[in-house]
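Undergrad: Here is a sequence with its predicted model. Questions after.
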Amino acid sequence: MSRNDEEVRKFLQRQHDAEAQKEKLKTYKNAAGTPLFEDYNETHEVQIIPDKSVKAAMFIPDPLNPKKFRAHPETIAAMRKELFMGGEDFVDLEHFVKCKSCKSELDFQFWKHCPYCGGSFE
């Protein structure tokens, strides 16, 4: 793991606002000295419909509309509404944390609290 990767991970463990992540990543350069992150902005919006029959932390795609999903209301409440995505060959932004209540291990970049039990993270 490079120094840049470590620095990015440390920052993202503290700051999970999509805009702040983007601004911080724009300051990094790759080995050739060119910007690691190009300021290319693309927005994707999806519709997530509450459905209590769907298991926690699951998103069921609509067979007719690729931008529509069903999810349990607790899952919807737990998910982060804005996500930063850097592309396939970008530094991996995952940061695993454990729920204090049910001990589930989850990627903090996607969740505000545990989608299984509503608990907070360690």
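TA: Thanks, I have it.

Undergrad: Would you enumerate the residues in contact with the nearest residue to Trp111 once chain neighbours are set aside?
TA: In space, and not counting its chain neighbours, Trp111 is closest to Ala78: 5.2 Å by Cβ to Cβ, 6 or more residues apart in numbering. (Each C-beta comes from the backbone N, C-alpha and C, glycine too.) For Ala78, the residues meeting the contact criterion (Cβ atoms under 8 Å, 6 or more residues apart in numbering) are Ala57, Trp111, Lys112, His113, Cys114, Pro115, Gly118.

Undergrad: Can you pick out the most distant pair from these?
TA: Using Cβ to Cβ, the two most remote members of the contacts of Ala78 are Ala57 and Lys112, lying 12.8 Å apart.

Undergrad: And these two? Which one has more around it.
TA: It is Ala57, of Ala57 and Lys112, that has more neighbours when counted by other Cβ atoms under 10 Å, with 18 against 14.
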